[in-house]
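1. Okay, predicted coordinates and the sequence, questions at the end:
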Amino acid sequence: MRRTDAALLGQRIVLEQPGSDEYVKALLDHFVKQVDNQTYTELVSEIMERYVDVSKQLEIKSRELEKSDASRREAQEIALIGNWELSLGTKKLWWSDTMYRILETDQSVEPDLMVYFQKVYPDDKKLVNQIYHDMQNGMVPAEYRFRLLMEVGRIKWVQIRFVGSKDSGGMFTKVHGTIQDITSAKAIEEKLEEYNHHLEDLVQKKVAEVSASQMATIHALVKLSESRDDETGEHIVRTSQYCRLLAEKLWEMGAHREEIDRAFIDGIAQASPLHDIGKVGIPDGVLLKPGKLTPEEFEIMKTHTTIGYQTLASIEKKDTGSAFIKVGKEITLCHHEKWDGSGYPKGLKREEIPISARIMALADVYDALRSKRVYKESYSHEKSLGIITQGRGSHFDPLLVDLFLENDSSFRDIFDGTLAGKE
């Protein structure tokens, strides 16, 4: 309450008659004015205190921001990260001091698109021009890597990132972002990539050597067992080729997609020599008998499937997860199963028989028909063809017989080729 107002109010109280209504009203007015004056004084004091406090906080925040900005600039200098901004309407370009360092350009040169484009490596100019064209058409790229060509043909790799700014109408008016010198990082990446390729080559070479050694050992053991009943000595070589041929034809036509792929094709070709490994457990009197086997002898002969399976199963305990052993177990146990369920040892039928064993069954029978054995003479390709055709839908998977008939000349060539190689 101002002093002049208080003085006037005091005069009113003196002039009024004590006890009158006017006197009481003047006293009340005087009291209200005194209260207002005190409240006003307290309010102004509080506002001033808060103003001082806020000013101090703003000053602290300002110093922190300056310090943070300085730290950011220092970090960008260390990491060689430059800032830039391009106005899409005026094509006016701005960039930071660090960008001068990246472009290796004197700071007296005004930021300019042509200065920038002239530094781009010739093979990357098409890419950079496309980026600029996209920006002009309202498309803001995310991130790109390309090369700059410096003095004496030195190449510098940079990584550039983009952020767009829109006007009130939603149109891009500016694009800003960062550019970073990643030459050192790129060199490390290339070295690592080169090392990884070299390491992969070494691993593949070692795997191939181990695989070749394993296969040579397996073939030697299987040939040793089959030398007791296979006069040609090439049975396992041919059946491997037959199996690969049929598996590839199934793969080409898209059959059994969930099972047949390149790994399966290689696996069945490698594992097929194991199909009769169980014959090592069959007595000579049964295995080499020239005539028809008695029912009792045939029961003994049939056990070669389970003997071979159990042998591979014991190996699998030490080589868990091997696709080679898995396929080997399937064909060893099931290659005498028949499509109609009349085979052995389990009497499986149709799709119950693994596809690997169905392939092996046809390949094994064709080669057995063509080969001379102690109990039979060799059959011609044509006679063998007729016997397998008769077994379509009973002994053999109908689809495999159809593929066999479409490619029977290849089967004949495989068989005749091994005979020619022995001459």
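-> Now that the structure is in, tell me what you want to look at. Remember, predicted model here, so these are calculated numbers, not experimental data.

2. Going by C-alpha atoms from here, please, whenever you check contacts or count neighbours.
-> OK.

3. The residue nearest to residue 138 when sequence neighbours are not counted: how many residues sit nearby?
-> Using CA to CA, 6 or more residues apart in numbering and skipping the chain neighbours, the partner closest in space to residue 138 is residue 172 (5.8 Å). For residue 172, the neighbour count with other CA atoms under 10 Å is 20.

4. Which residues does the one helix or strand residue 246 maps to contact?
-> Using DSSP states H and E, residue 246 maps to helix 235-252. Applying CA atoms under 8 Å, 6 or more residues apart in numbering, the contact partners of helix 235-252 are 219, 222-223, 256-257, 260-261, 265-266, 268-273, 359-360, 363-364, 367, 400, 403-404, 411, 414-415, 418.

5. and after the strand ranked longest in the chain, which helix or strand comes next?
-> What stands out as the longest strand in the chain, according to DSSP state E, is strand 155-166. Once the chain leaves strand 155-166, the next helix or strand it forms, by DSSP H and E, is strand 172-181.

6. Okay, now the sheet partners of that next one, with direction.
-> strand 81-87 (antiparallel), strand 155-166 (antiparallel) (DSSP bridges).

7. Surely residue 395 and residue 335 touch.
-> No - in this structure residue 395 lies outside contact range of residue 335 using CA atoms under 8 Å: 10.8 Å.

8. who's more crowded, these two?
-> A side-by-side neighbour count of residue 395 and residue 335, using other CA under 10 Å, places residue 335 first with 28 against 24.

9. list the contacts for that one?
-> By CA under 8 Å, 6+ apart, residue 335 lies in contact with 275, 357, 358, 360, 361.

10. quick one on the thing from earlier: mind putting the strands paired with strand 172-181 into JSON lines with mean pLDDT?
-> As requested, the strands paired with strand 172-181 are exported to JSON lines (pLDDT from 0 to 100):
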{"stretch": "strand 81-87", "mean pLDDT": "86"}
{"stretch": "strand 155-166", "mean pLDDT": "89"}
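
11. Comparing those strands, which comes out most buried?
-> Most buried of the strands paired with strand 172-181, by mean neighbour count (mean count of other CA atoms under 10 Å): strand 81-87, with a mean of 20.

12. helices and strands around the helix or strand following that one, which ones?
-> Going down the chain from strand 81-87, the next helix or strand is strand 93-95, by DSSP H and E. If you count contacts as 3 or more CA pairs under 8 Å, 6 or more residues apart in numbering; DSSP states H and E, strand 93-95 packs onto strand 81-87.

13. Can I get the strand it packs on as PDB, trimmed to CA atoms?
-> In PDB, the C-alpha atoms belonging to strand 81-87 read as follows (Å, rounded to 0.1, in the frame of the first residue of the first chain):
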ATOM      1  CA  ILE A  81      33.500 -37.100 -37.500                       C
ATOM      2  CA  GLY A  82      32.500 -34.000 -39.400                       C
ATOM      3  CA  ASN A  83      29.100 -32.300 -39.400                       C
ATOM      4  CA  TRP A  84      27.400 -30.800 -42.400                       C
ATOM      5  CA  GLU A  85      24.100 -29.300 -43.500                       C
ATOM      6  CA  LEU A  86      22.600 -28.800 -47.000                       C
ATOM      7  CA  SER A  87      19.700 -26.500 -47.900                       C
END
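
14. For stretch 281-296, what is the spacing between the initial and final residues?
-> Using CA to CA, to the nearest Å, one end of stretch 281-296 lies 16 Å from the other.

15. which sections of this structure are below the confidence cut-off?
-> For the chain, applying pLDDT under 70 flags the ranges 1-80, 206-233, 316-322, 374-375, 418-423.

16. Is it correct that residue 293 is in contact with residue 299?
-> No - Residue 293 is beyond contact range of residue 299, at 9.2 Å (criterion: CA under 8 Å).

17. secondary structure class for residue 140?
-> Taken by DSSP: H, G, I helix; E, B strand; the rest coil, the conformation at residue 140 corresponds to coil.

18. ok, it touching residue 161?
-> No - when contacts are counted by CA under 8 Å, residue 140 is not listed as touching residue 161 (9.6 Å).

19. Just give me how far the longest strand of the chain sits from the chain centre.
-> 27 Å (CA atoms, centre = their mean, to the nearest Å).

20. What of stretch 123-140?
-> For stretch 123-140, the distance to the chain centre is 29 Å (CA atoms, centre = their mean).

21. can you check stretch 346-355 too?
-> Worked out by CA atoms, centre = their mean, stretch 346-355 lies 36 Å from the chain centre.

22. neighbours of residue 377, just the number please.
-> Using other CA under 10 Å, residue 377 has 11 neighbouring residues.

23. how close does the closest residue to it other than its chain neighbours sit to residue 82?
-> Among residues not flanking residue 377 along the chain, residue 371 sits closest, at 7.2 Å (CA to CA, 6+ apart). Separation of residue 371 from residue 82 (CA to CA): 78 Å.

24. among the strands paired with strand 172-181, which is nearest residue 385?
-> In terms of CA to CA, the element of the strands paired with strand 172-181 nearest to residue 385 is strand 155-166, at 65.7 Å.

25. Only the C-alpha atoms, please, for the closest one, written as CSV.
-> In CSV, the C-alpha atoms belonging to strand 155-166 read as follows (Å, rounded to 0.1, in the frame of the first residue of the first chain):
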residue,chain,number,x,y,z
ILE,A,155,42.1,-43.7,-51.0
LYS,A,156,40.1,-42.7,-47.9
TRP,A,157,37.0,-44.5,-46.8
VAL,A,158,34.2,-42.5,-45.3
GLN,A,159,30.8,-43.3,-43.8
ILE,A,160,28.1,-40.7,-44.1
ARG,A,161,24.7,-40.5,-42.3
PHE,A,162,21.7,-38.4,-43.1
VAL,A,163,18.8,-36.7,-41.2
GLY,A,164,16.1,-34.7,-42.9
SER,A,165,14.3,-31.5,-41.6
LYS,A,166,10.8,-30.8,-42.8
